[in-house]
Structure formats: structure tokens, C-alpha cells
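> I would like the atomic coordinates for the input below:
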Amino acid sequence: MSTSANFYTHDTDIYNDISPHFSIRSLKKPLKLRKVASDDAEALLKHSSDQRNVQYDGSVIGLDNPEAISSLLAQWSTFTEPLARFNAVVVTDNKISGTGGIGWIGTNSEGVRVGAAGIMLNSEERGKGYAYEALKITIDFGLRELALDEIHLATWDANIPMRGLMDKKFGFMGRRIEKDRFGNEWEWRIRKTEWLESVHSV
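Predicted coordinates for the structure are as follows:
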């Protein structure tokens, strides 16, 4: 078990030939982000089929049947070199409460290593500080442990709670963008130096 910041610990070995795994546990709340498992299928199908959960996320369109979830499990269980994604299930109070992590990792034209992070919690788990905690861990882990240079987040204009979380709680002001293929209209870009200087990284 390793500690990178004073708000989480992690056990990570994603390139293990026998059993690739990761588990990142909050030291502040009963929350962890972990690698998806085959027996998560039912919970993930229920999660992604609930319109209250997915109403502001165009990336989950079509994840409403067992075949799509099976394909998702295979994608999320594969770790390439260089790493192309780091998706996770969010567990609170020992039950799956949503999905998060980094859904895309790549290098832009300037050679900057970027990760696109996100969080989607079950509606009944909102308002408990879990979204902030999960995103804080994801951002920090991506920049410190995965050696990314920037973390990007994006959402729809109508997603007022997410915009408030980023603009007010985190204090990183979003910028308006042309609507992308997932329907996102606001974007936040957090550089590693900026994050490490913020109060959220300690």
C-alpha cells in the first residue's frame, strides 16, 4: 500500500501478468476507486440505465444492455503501454455508487500528456461530498502517479452541479467550448503545477 498525498492510499499494479489491479482509498471518506470486476456488470447496467445518473453524459449512450456492459468491462480491464485509459468504479460504504477515473489518455500536438477525467454518481449518493473527493483523488493520482501533465474535465451547460463543483468548490474556472461529440459545452484544464500549488492537493 502506497501513500502519495495525505488524503488517499493506493495499491496499484496494472501491468501484473496474472492479476492487474488498482484500488485507491480515500482517507477522508468511506470511498474508493478500484478496477472494474466481472461481477460489477449488474450494478453498472443499473447505474448506466438510470436517466437520473446519465442525463448530462453523452459518452454513456448505448450502455443500457448486457452486451454493451460486457464490452465496457473488457475495455476497462485492459491496460496498454502507454496507458490509454484508467477507468474506475466508485465504491462508497462498500457498494458501487458510480463510475469515474480517466476515460482517455493521450499526448497532444505540443507533447503534453493529457488525461480526460470524470465522475458520475448514482443520484442518491449526491450531496455527500463524494464527487469532490473522487475527483480530487482522480486528479491527484493522474498527475502524480500516472505522470500526466494536465487533467481535463468537461460537461454540459445544463449540468449546474458539476459546473458549481469545478468553478466554486475547486476554484478552477471553466471555459466555454464548442459543443463536442458528447454534448459537452464547458471545459476545465488543470496543469500539474497549478494543481500542486492548490489547497486541494494536500
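> you'd agree R163 is up against G174?
Yes - contact criterion Cβ atoms under 8 Å: R163 and G174 qualify, at 6.3 Å. Where C-beta positions appear, they are placed from N, C-alpha and C, glycine not excepted.
> for this protein, which strand is longest?
strand 95-107 (DSSP state E).
> note down every partner strand of that one and its orientation.
strand 86-92 (antiparallel), strand 113-121 (antiparallel) (DSSP bridges).
> give me the mean pLDDT for stretch 18-31.
For stretch 18-31, the mean pLDDT works out to 97.
> again, but for stretch 40-56
Stretch 40-56 comes out at a mean pLDDT of 94.
> do stretch 105-122 as well
97.
> separation between the residue lying closest to S123 once chain neighbours are set aside and I151?
Distances taken as Cβ to Cβ, 6 or more residues apart in numbering put R52 closest to S123, at 4.1 Å, once the chain neighbours are dropped. Noted for R52: a distance of 26 Å to I151, by Cβ to Cβ, to the nearest Å.
> neighbour count winner among those two?
I151 (26 against 9; other Cβ atoms under 10 Å).
> which helix or which strand is home to that one?
Using DSSP states H and E, I151 maps to strand 150-155.
> using PDB, list the CA coordinates for that strand.
The C-alpha coordinates for strand 150-155 follow below in PDB (Å, rounded to 0.1, in the frame of the first residue of the first chain):
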ATOM      1  CA  GLU A 150      -2.700  18.000 -17.500                       C
ATOM      2  CA  ILE A 151      -6.200  16.800 -16.400                       C
ATOM      3  CA  HIS A 152      -9.200  17.900 -18.500                       C
ATOM      4  CA  LEU A 153     -12.800  17.800 -17.400                       C
ATOM      5  CA  ALA A 154     -15.900  18.700 -19.400                       C
ATOM      6  CA  THR A 155     -19.700  18.800 -19.000                       C
END
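> quick one, that strand and strand 95-107 angle?
On the basis of axes from the mean of the first three to the mean of the last three Cα atoms, to 10 degrees, strand 150-155 is oriented at 120 degrees to strand 95-107.
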